[in-house]
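In: missing the sequence, but the structure's below:
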């Protein structure tokens, strides 16, 4: 199934602010556009480093730019498409801080990064 990436502009704005990551985020978006997922496990075929967050959160974390940036998305598999919702985006150190507070399951930072 095709993938619908919600809040793609947030990713693009973030990449603009973090110029060193722009090519990595463009690659991420291009892979999403070409992906064909039917079940959550299919994400691994597209992104070998994606990790499920567990605890029934229906969230995954993507490692972007050589693990310098982390992107948390919630996913839903619908009848005709898979939806990815951007929940949180930041540098690796910020993600580590989230995890220390056990907030990776609920974090939302819908900043527009503009």
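Out: Now that the structure is in, tell me what you want to look at. Treat the numbers as computed from the prediction; the structure is a model and nothing was measured.

In: ok, now which ones touch residue 36?
Out: Residue 36 makes contacts with 1-2, 42, as judged by Cβ atoms under 8 Å, 6 or more residues apart in numbering. All C-beta spots, glycine's among them, are computed from the backbone N, C-alpha and C.

In: can you put those in CSV and add distance to residue 29?
Out: Shown next, in CSV, are the contacts of residue 36 (distance: Cβ to Cβ, whole Å):
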residue, distance to residue 29
1, 17
2, 14
42, 17
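
In: Could you tell me which of those count as buried?
Out: Buried by 16 or more other Cβ atoms under 10 Å: residue 1, out of these.

In: In strands only, show me the contacts of residue 36.
Out: The strands, defined by DSSP state E, take in residue 2 from the contacts of residue 36.

In: Residue 51: which of the contacts of residue 36 is nearest?
Out: residue 42 (14.6 Å; Cβ to Cβ).

In: Okay, now the unreliable bits of the protein?
Out: 110-114 (pLDDT under 70).

In: need the helices for this structure, in chain order.
Out: 8-17, 22-34, 43-46, 92-100 (DSSP state H).

In: Quick one: list the elements packing against the last one.
Out: In other words, helix 92-100. If you count contacts as 3 or more Cβ pairs under 8 Å, 6 or more residues apart in numbering; DSSP states H and E, helix 92-100 packs onto strand 69-77, strand 81-91.

In: Report the distance from it to the chain centre.
Out: Relative to its parent chain, helix 92-100 has a centroid offset of 15 Å by Cα atoms, centre = their mean, to the nearest Å.

In: Give the buried residues for that helix.
Out: Neighbour-count burial for helix 92-100 flags 95, 98 (criterion: 16+ other Cβ under 10 Å).

In: Same check on stretch 53-68?
Out: 53, 58-65.

In: Name the residues of stretch 77-87 that come out as buried.
Out: 82, 84-87.

In: and residue 8, how far is that from residue 28?
Out: 10 Å (Cβ to Cβ, to the nearest Å).

In: more crowded one of these two?
Out: residue 28 (22 against 15; other Cβ atoms under 10 Å).

In: Any idea how many residues pack against the closest residue to residue 65 other than its chain neighbours?
Out: Nearest in space to residue 65, with sequence neighbours left out and distances taken as Cβ to Cβ, 6 or more residues apart in numbering, is residue 24 at 3.7 Å. Residues near residue 24, counting by other Cβ under 10 Å, number 17.
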